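Student: sequence unavailable; structure follows:
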């Protein structure tokens with residue numbers, strides 16, 4: 001669910017959720033029925049912050065209809081409503097298996113800034129996928145440089161109007177699937193820049 005939801009959300013957001021395109025309608029359908037919490041949150045935040053008023057109204061109506069129709073469905077309840085706040089944190093978030101006590105001590109060491117090496121993720125977050133993986137493996141300094149570099153490249157291509165959209169997309173990817181160095185996931189980071197450029201040209205026509 002996370003992979004389908006993340007990919008669907010990234011492409012939809014980079015295309016500014018243009019529902020006049022039938023491909024985007026399919027992506028929305030795939031994302032909704034992937035029951036990916038990341039997809040729901042990403043699209044919801046995008047709609048609240050970036051969508052126009054008319055789109056917001058349509059989205060709210062469709063969302064409420066979806067919840068009404070599936071409110072008694074056990075699968076939906078299990079997959080969609082498993083996230084609750086417990087002890088001040090989000091229960092049901094399976095992004096990280098990192099021991100929090102160890103991570104807090106790690107933050108107070110010099111390794112926090114320079115990392116423990118590429119293989120460290122496998123040792124400290126086996127089976128997980130979190131932005132913490134990048135910090136553990138490569139250090140906070142690399143993490144910051146990488147984010148700033150990607151935002152700078154994107155800004156030069158798309159300008160300040162869409163940079164906030166790309167920054168949000170980058171956040172979604174790094175939080176959900178921080179597998180930089182893997183071609184397929186690197187494409188998720190690079191392609192949205194091209195899609196936003198394409199959307200800009202389309203809106204000017």
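Tutor: Perfect, I can see it now. Just so you know, these numbers come straight off a predicted model, no measurement behind them.
Student: how about the nearest residue to residue 126, chain neighbours excluded?
Tutor: Nearest residue to residue 126, sequence neighbours excluded (Cβ to Cβ, 6 or more residues apart in numbering): residue 97, at 6.4 Å. (C-beta placed from N, C-alpha, C; glycine too.)
Student: same question but for residue 121, I mixed them up
Tutor: Excluding its sequence neighbours, the residue lying closest to residue 121 (Cβ to Cβ, 6+ apart) is residue 133, at 4.2 Å.
Student: how many other residues sit next to that neighbour?
Tutor: As a burial measure, residue 133 scores 23 neighbours (other Cβ atoms under 10 Å).
Student: now the helix or strand that contains it: average pLDDT?
Tutor: According to DSSP states H and E, residue 133 maps onto helix 131-138. Averaged over helix 131-138, pLDDT sits at 91.
Student: report the buried residues of stretch 138-156.
Tutor: For stretch 138-156, the neighbour count (16 or more other Cβ atoms under 10 Å) marks 138-140, 143, 146-147, 150, 154 as buried.
Student: actually stretch 37-48, not the one I typed
Tutor: Using 16+ other Cβ under 10 Å as the test for burial, stretch 37-48 gives 37-43, 46-47.
Student: biggest separation within those residues, which pair?
Tutor: With distances taken as Cβ to Cβ, the most widely separated pair in the buried residues of stretch 37-48 is 37 and 47, at 15.8 Å.
Student: excluding its backbone neighbours, what's nearest the spatially most central residue of the chain?
Tutor: For the chain, residue 172 is the residue whose C-alpha lies nearest the centre (Cα atoms, centre = their mean; 1.8 Å). Spatial nearest neighbour of residue 172, chain neighbours left out: residue 42 (4.9 Å); criterion: Cβ to Cβ, 6+ apart.
Student: so which of the buried residues of stretch 37-48 are in helices?
Tutor: If you go by DSSP state H, those have 37-43, 46-47 in helices.
Student: ok, these vs residue 70, which is closest?
Tutor: Looking across these and measuring by Cβ to Cβ, the closest to residue 70 is residue 40, at 12.6 Å.
Student: okay, that closest one and residue 60: tell me how far apart.
Tutor: To residue 60, residue 40 is 13 Å away according to Cβ to Cβ, to the nearest Å.
Student: shaky segments in this structure?
Tutor: Within the chain, the stretches with pLDDT under 70 are 1, 71, 75-96, 203-205.
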